[in-house]
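Asks: Sequence and predicted structure, then a few things I'm wondering about:
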Amino acid sequence: ETPISFAPPYAAAGLPVAGAAPVSYSASHAWTASINFNLPGQYAVTLVTGNSCGGDTLTQLVCIESPPVAAFTLTPAIGCAPMVSTVDNTSTSPNSCLTRYQWSVVFNGAPCGGAGTWSYSGGTSATSFEPQFTFTSPGNYTVTLQVINSCGTFPVSQSVTVGSPPQVTLNPLPVICAGQSVTPAATFTPCGNPIMTYAWTFTGGAPATSAVQNPGAVTYNTGGNYTITASATNACGTASDSEPLTVNPVPPAPVVNGPITLCAGQTLNLTSNTIPGATYSWTGPGGWSSSLEDPTITNITTGQAGNYVVTASIGGCVGPSSTVVVTVNSAPLVNIVPANPSICVGASVTLTANGSSNYAWTAGGVPAGAGASISVSPITTTVYTVVATPGGGCPGTATTTVTVNPLPLVNAGPDVTLCDQPIPYALTGFSPAGGSWSGSPNVTAGGVFTPNGAGMFNLTYTYTDGNGCVNNDQVTITVNPLGAPANAGPNISLCV
């Protein structure tokens, strides 16, 4: 007579506990029964057995659960790190005999960076009915509740946004010149909470401040080093960023010499005052340019007359310009007649200048006379320069070279002694050949002397070279008289 125990499925007649809805069952065989529970609740199931020896009963309680409804509210769900949130668990699980709660948190990233650090706080845990969460780093989280009973697992989730002060990144600023404008811009990241206000400061600029996200152009009229700062505020605080701004000064207009009037061929000297730290840029007629502070132009021409403009710049900032008006007067066209003459040693030549007035002559830098014409007798080749300076005008200059050729070397040959007899004698030993003889009617130009009376005769040999230079030399011809006639006596006849 051992008591009988059984486990589901129960095979017996089931009777509902007090207050429970009725159930139906059907017996499949002597020892098995299938029971359908239509309503949740607690039921007592009794097994009654018996035979000829007697009977026995066994009763067990059965809990029939319905699926739970998971729900909760997290307060706050939006805030600033560190943020403590508490749970109001409003989940329902009617007639539950054993309902469990399981919590979890997933970090979904952070717009401004974050490690996703959080923890249970206040002595709670992942299985608490109403845990407490502490979010120590900003970001987006998902909190999930799982309500679990015999019917299954039923989850519900809620998003949590943990913010931080906004992030501000100011864009780099260009170098500008005094009087110019800069348009600052920045990247503003809300970091989980909307930005409520913006604040800009522009020390030394106009305007000096701004309260909008994009402030527009800011003008700086004075050179120097400045700082631009941008700030943004949300519910979690204020953040700012700064960038340096360099404003280079604009140099003043250079102080120049001028206007300048000069004559063609002279040197133009352009000058400007020294501005510390500045570089210079000159431009002029015909595409001329220079980066010198004080440039020069040698041998200037009338085509280079006009306006010469200079500007100074510091750090790429160009100041106002200054202009020099240059007038170039042409010089008179002077010439000398004859042009580059040649003379022989000892000769002279008259040089005549024309084309202007007020002439002054020099020879090798030494004054050689004044007036339109001068007569010169140089002993060596010499360059003569004449400068004409008309009243109030530009001087004109001309040069000429007087070439001095040497005289030819002439030798008339040796002196000669002849007898006074009309026998022609050809002179010899003279040089160079090609000259002519003179000095006596007894000599021909070709150098044949015929005595015609006793005496001494000085003959001249004259030679002209290829440059037209003439030189001569003399020879003496001595003509001796004849002696008494020779007398050999009378003729003689002899016999052999």
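Replies: Yep, it's here.
Asks: residues in contact with the residue sitting nearest the centre point of the chain?
Replies: Centroid-nearest residue in the chain, with Cα atoms, centre = their mean: G316, separated by 10.1 Å. By Cβ atoms under 8 Å, 6 or more residues apart in numbering, the contact set of G316 is 175, 177, 248. Glycine gets a C-beta too; all of them are placed from N, C-alpha and C.
Asks: tell me which of the residues you listed is nearest to G237?
Replies: V175 (33.1 Å; Cβ to Cβ).
Asks: Does the closest one touch T246 like I think?
Replies: Yes: using Cβ atoms under 8 Å, V175 is in contact with T246, at 4.6 Å.
Asks: For the nearest residue to P285 once chain neighbours are set aside, the count of nearby residues, please.
Replies: The spatial neighbour of P285 that comes closest, neighbours along the chain excluded (Cβ to Cβ, 6 or more residues apart in numbering), is G306 at 3.9 Å. With neighbours defined by other Cβ atoms under 10 Å, the count for G306 comes to 16.
Asks: G306 reaches T283, doesn't it?
Replies: No: the pair G306 / T283 is not scored as a contact, 10.4 Å apart, by Cβ under 8 Å.
Asks: What ranges in the chain fall below the confidence cut-off?
Replies: 1-33 (pLDDT under 70).
Asks: all helices for it, in order.
Replies: In the chain, no segments count as helices under DSSP state H.
Asks: what residues are up against the residue nearest to P285?
Replies: Counting by Cβ under 8 Å, 6+ apart, G306 touches 284-285, 325-326.
Asks: same thing with V105?
Replies: Contacts of V105 (Cβ under 8 Å, 6+ apart): 118, 133, 141-144.
Asks: Can you flag the buried ones in those residues?
Replies: Buried residues within these, counting neighbours by 16 or more other Cβ atoms under 10 Å: 118, 133, 141, 143.
Asks: Kindly state the beta-bridge partners for the residue nearest to the first one when sequence neighbours are not counted.
Replies: Yep, that's W118 we're talking about. Distance criterion Cβ to Cβ, 6+ apart; nearest residue to W118, sequence neighbours excluded, is F135 at 4.7 Å. Legend: beta-bridge partners of F135 under DSSP bridges are M83, W118.
Asks: again, but for G79
Replies: Under the criterion used (DSSP bridges), G79 bridges to V162.
Asks: Next one: it from G396, what distance?
Replies: 98 Å (Cβ to Cβ, to the nearest Å).
Asks: more crowded one of the two?
Replies: With neighbours defined as other Cβ under 10 Å, G79 and G396 compare such that G396 has more, 24 against 20.
Asks: List the contacts of the more buried one.
Replies: Neighbouring residues of G396 by Cβ under 8 Å, 6+ apart: 331-334, 355-356, 387-388.
Asks: does C236 really touch M196, like I thought?
Replies: No: here C236 does not reach M196: they are 10.4 Å apart, not a contact under Cβ under 8 Å.
Asks: Please identify which of the two sits among more neighbours.
Replies: C236 (20 against 12).
Asks: The nearest residue to the more buried one once chain neighbours are set aside: how many residues sit nearby?
Replies: Leaving out its chain neighbours, the residue that sits closest to C236 by Cβ to Cβ, 6+ apart is C80, at 3.7 Å. For C80, the count of nearby residues is 20 (other Cβ under 10 Å).
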